[in-house]
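J.: sequence unknown, structure follows:
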């Protein structure tokens, strides 16, 4: 017999890369994680980890096992989905995990539509980002993950998840209303290389995306202010403390600010927003309804007349 809980520990070790980070994510001690992996190794009669410096790495046998573990997890989700579809009721509760600007600009419309479509369904929202968001999805604490593609996000080819792209969220280049470049027809991002920048934490999706956008433009931003709150970030731009990239999903937070949005050369910076469920659960009728309403809300959010309007300079 193979303990599925121990397989879950092995899957988390693949994501986190170390016993300590795995233990933190699963709310266990490193010793407990080691014991779970050792017990699984004994059950199967093969080594699953080997020492590498001060840490461990997965063996070839572990990677073979993980391929089967992903298939087992997907098949269990299909069974749950089939059972949910068997009667009229289905599941009565869904938890959506979502990044902060998605909670603001995307979820309200989807939640309103869901309450009309499935009035008995309880929908809970948890603000979270990868990798913690996908740890929660794997563990069943979250049923639908809404996330942005960046380094900490599972790749498109990850067979553990069924994903649907929702929208391309444009990042506007925001500067103070009296900035020297206001009025230019097109601005190269590199022209702002010497400016002070206001950027979120590197571990957050927007902080990571802003850094990668600047790197692609050929420079490392001079980050003077590390701010994750979008309203605070817009206030700092208005106060002349620096420039920033602000997603259009949070337009209601900065539409009233005395800031200017500069048109950039070429394709504007953007990020891909998607929804994911555990592989095998995509046919669950309630999760399908959630996905449909997220897609509908995404079309509204991505339109030129979506939530809020871009800020304009004030005289």
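T.: Arrived safely. Values in this document were obtained by computation on a predicted structure and should not be read as measured data. Numbering: from 1, shown residues only.
J.: where does the residue lying closest to residue 95 once chain neighbours are set aside fall, secondary structure wise?
T.: Distances taken as C-beta to C-beta, 6 or more residues apart in numbering put residue 124 closest to residue 95, at 4.5 Å, once the chain neighbours are dropped. Glycine gets a C-beta too; all of them are placed from N, C-alpha and C. Secondary structure from DSSP states H and E places residue 124 in strand 122-127.
J.: residue 186 reaches residue 173, doesn't it?
T.: No: at 11.0 Å, residue 186 and residue 173 do not qualify as touching, with contact defined as C-beta atoms under 8 Å.
J.: which one of these two is surrounded by more residues?
T.: More crowded of residue 186 and residue 173, by other C-beta atoms under 10 Å: residue 173, with 20 against 9.
J.: and that one, backbone torsions?
T.: Residue 173 adopts backbone torsions of phi -80, psi 110, taken as degrees, to the nearest 10.
J.: now for it: which residues touch it?
T.: Neighbouring residues of residue 173 by C-beta atoms under 8 Å, 6 or more residues apart in numbering: 187, 189, 192, 243, 244, 245, 261, 262, 264, 269.
J.: distance of it relative to residue 110?
T.: According to C-beta to C-beta, to the nearest Å, residue 173 and residue 110 sit 28 Å apart.
J.: over to residue 275?
T.: 10 Å.
J.: give me the common contacts of these two.
T.: residue 294.
J.: more crowded one of those two?
T.: residue 110 (28 against 25).
J.: ok, the nearest residue to residue 185 once chain neighbours are set aside - contacts?
T.: What sits nearest to residue 185 in space, not counting adjacent residues and going by C-beta to C-beta, 6+ apart, is residue 263, at 6.8 Å. Each residue near residue 263 by C-beta under 8 Å, 6+ apart is listed here: 184, 185, 186, 187.
J.: can you tell me the element the first one falls in?
T.: Which is residue 184. Going by DSSP H and E, residue 184 is not part of any helix or strand.
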